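J.: Structure for the following, please:
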Amino acid sequence: MKKILMLAFVMSLATFCRAADTSTDATTDRLAMAGQVINQVMSAPDKGIPQEVLDHAKCIAVVPHMIKGGFIFGAEGGRGVATCRTANGWSAPAFFAITGGSWGLQIGVEGVDLVMIVQNEKGMQQLLSSKFQLGADASAAAGPVGRHASADTDWKMNAEILTYSRAKGAFAGLDLSGSAVRRDDDSMNAVYGAEVGTRAVLAGNVPPSPQAQPFLDAVSNAKTEAAAR
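T.: As a prediction, this is how the structure comes out:
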């Protein structure tokens, strides 16, 4: 019975995610919301992403309002945007989806903002590959929160990707090991066309659209705000 309930919930969650973002209007909304998440996260002086983490970041990915919920078990799913550091600044955003699940006694559905910081070349290569699993293909860990993180070097040595969550105004590190990240074909095709791949976008070979600017500005300004704290 548990397996049947789990399958039904995951299928409904996947259907919701597929239906949520299939047009350019939807991707524009997602870019705007992702920018808002970054701005809100960094507006709390002692509760944001530490400056050292941002300085060390290869890529930044945001899933605004990821759906987490369950009946008997837990599951999550959502669609996000990512940008990587290039020689000419932050790249045009690539679109991705994240899905996963974990057993646990819980009932209800909750929207959670997710932020992922890719910390090194290996993690960046996984993001460029268009499909990988957190904790298997790329090591992931809950990221440090606060004004500075230099005193604790574990975050730099032990994980390719640092993950954070924001729910009901609270911001904290989040362990998403086991979740799968893949290319969001619908959104990528709507914005760039079927012939453009994730690697080309995140490598800086594709110019960003005007709709992407609020998100890219938020990422750029996050470093400035962190440095000023």
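
J.: and the helix or strand hosting D29, what does it pack onto?
T.: Counting by DSSP states H and E, the element that carries D29 is helix 24-42. Helix 24-42 sits against strand 59-86, strand 94-118, strand 161-167, helix 185-192, helix 213-228, with contacts defined as 3 or more CB pairs under 8 Å, 6 or more residues apart in numbering; DSSP states H and E. Quick note: C-beta positions are derived from backbone N, CA and C, even for glycine.

J.: avg pLDDT for the following helix or strand past it?
T.: The element immediately downstream of helix 24-42 (helix or strand, assigned by DSSP H and E) is helix 51-56. Predicted confidence along helix 51-56 averages 84 (mean pLDDT).

J.: What residues sit buried inside helix 51-56?
T.: Buried residues in helix 51-56, counted by 16 or more other CB atoms under 10 Å: Q51, E52, V53, L54, H56.

J.: Turn those residues into JSON lines, including distance to V63.
T.: Shown next, in JSON lines, are the buried residues of helix 51-56 (distance: CB to CB, whole Å):
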{"residue": "Q51", "distance to V63": "23"}
{"residue": "E52", "distance to V63": "23"}
{"residue": "V53", "distance to V63": "18"}
{"residue": "L54", "distance to V63": "18"}
{"residue": "H56", "distance to V63": "21"}
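
J.: which of those sit farthest apart?
T.: Q51 and H56 (9.6 Å; CB to CB).

J.: Can you report how many residues neighbour the closest residue to A159 other than its chain neighbours?
T.: In this structure, A159 finds its nearest non-sequential neighbour in A141, 3.8 Å apart by CB to CB, 6 or more residues apart in numbering. The number of residues packed near A141 is 21, by other CB atoms under 10 Å.

J.: How confident was the prediction at A141?
T.: 74.

J.: Quick check: beta-bridge partners of it?
T.: L162 (DSSP bridges).

J.: Distance check, it against D55.
T.: Here the criterion is CB to CB, to the nearest Å. By it, A141 lies 18 Å from D55.

J.: L134 now?
T.: 23 Å.

J.: Below-threshold pLDDT in the chain: ranges please.
T.: Low-confidence segments of the chain (pLDDT under 70): 1-23, 44-47, 66-77, 101-111, 135-136, 147-158, 168-175, 223-229.

J.: Now with 80, please.
T.: 1-24, 43-48, 65-77, 100-112, 128-159, 165-179, 223-229 (pLDDT under 80).
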